[in-house]
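Undergrad: Predicted model and sequence below, questions to follow.
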Amino acid sequence: MKTLYWIARALARSTFSATGGGLEVVGADKRLHQGGAIIAANHTSYLDPPIVAATYETPVAFLARKTLFRNFGAWLYPRLNAFPIDRDHADLQTIKSILKKLRMGQRVMMFPEGTRSEDGKLTEAKPGIGMLVAKSGVPVQPVHILGAYEAFPKGGKFRPQRIQVRIGDPVVFDPADLKEKSREAYQRIADQLMSAIAALGEDDPA
């Protein structure tokens, strides 16, 4: 357990509660709190990782670009349950690190789109997450975050907003795609996952 992680999570929860109408979780009963799992969410804001951390009752590991792990960041980010990834040149060691965490029973948050959306709209998923889904064999839970873009968009300033997190059932993928080791199959898995995330954003939670 990382003490700083829980402190940061508590701070995030109190901040969201005190500003912009708070944090609402739709589908809370579906959350995967135990065992290895991929938590896959849309990505529009700096706030997305703390929003997900505040949503789940057990620790969630995060991928962060490796340039953040310098100087003070090298001390800070591991204590926030984050580990480095080279987004431009994803290497074998990074893939092994992710798979190891999943096989050790951790929940790992990933953004299928790879980077933040410029306009708040969903973009195409990268095939890399499809490969990790196929190789890990763990449940994959789609999550759609609403309000984060309006609160803190890329290149913008923070503006308090009500945040809603919609959590879906684990995605059931085509067994043939999970067995096929090709970029095309990995892309189909990634696309199916992104469709599940998109559907959560379109449905009326009521």
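TA: Looks like it came in fine.

Undergrad: Below-threshold pLDDT in the protein: ranges please.
TA: Residue ranges of the chain with pLDDT under 70: 1, 19-20, 87-90, 203-206.

Undergrad: Going by length in residues, pull out the top helix of it.
TA: Across the chain, the longest stretch assigned as helix under DSSP state H is helix 183-202.

Undergrad: can you pull the buried residues of that helix?
TA: The neighbour-count check on helix 183-202 (16 or more other C-beta atoms under 10 Å) flags 185-194, 196-197, 200 as buried. The C-beta positions use only the backbone N, C-alpha and C, and glycine is treated the same way.

Undergrad: now, among those, which is nearest to Phe69?
TA: Nearest to Phe69 among the buried residues of helix 183-202, counting by C-beta to C-beta, is Ala190 at 25.9 Å.

Undergrad: Let me have the buried residues of helix 183-202 in JSON lines, adding distance to Ala61 as columns.
TA: Output for the buried residues of helix 183-202, formatted as JSON lines (distance: C-beta to C-beta, whole Å):
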{"residue": "Ala185", "distance to Ala61": "26"}
{"residue": "Tyr186", "distance to Ala61": "21"}
{"residue": "Gln187", "distance to Ala61": "25"}
{"residue": "Arg188", "distance to Ala61": "26"}
{"residue": "Ile189", "distance to Ala61": "21"}
{"residue": "Ala190", "distance to Ala61": "20"}
{"residue": "Asp191", "distance to Ala61": "24"}
{"residue": "Gln192", "distance to Ala61": "23"}
{"residue": "Leu193", "distance to Ala61": "18"}
{"residue": "Met194", "distance to Ala61": "21"}
{"residue": "Ala196", "distance to Ala61": "21"}
{"residue": "Ile197", "distance to Ala61": "19"}
{"residue": "Leu200", "distance to Ala61": "22"}
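
Undergrad: Which pair in those residues has the greatest spatial separation?
TA: With C-beta to C-beta as the measure, no two of the buried residues of helix 183-202 lie farther apart than Ala185 and Leu200, at 23.7 Å.

Undergrad: Can you read off the backbone torsions of Ile145?
TA: Phi and psi for Ile145, reported as degrees, to the nearest 10, are phi -100, psi 130.

Undergrad: what do you get for the one 4 residues further on?
TA: Geometry field for Tyr149 lists phi and psi as phi -60, psi -40, criterion degrees, to the nearest 10.

Undergrad: Name all residues that make contact with it.
TA: Counting by C-beta atoms under 8 Å, 6 or more residues apart in numbering, Tyr149 touches 44-45, 117, 120.

Undergrad: re the thing from before, which residues are contacting the longest helix of the chain?
TA: The contact list for helix 183-202 (C-beta under 8 Å, 6+ apart) reads 40-42, 112-113, 122, 124-131, 133-134, 140, 142-144, 146, 166-168, 171, 173-174, 176-178.

Undergrad: Fine, thanks again, bye for now.
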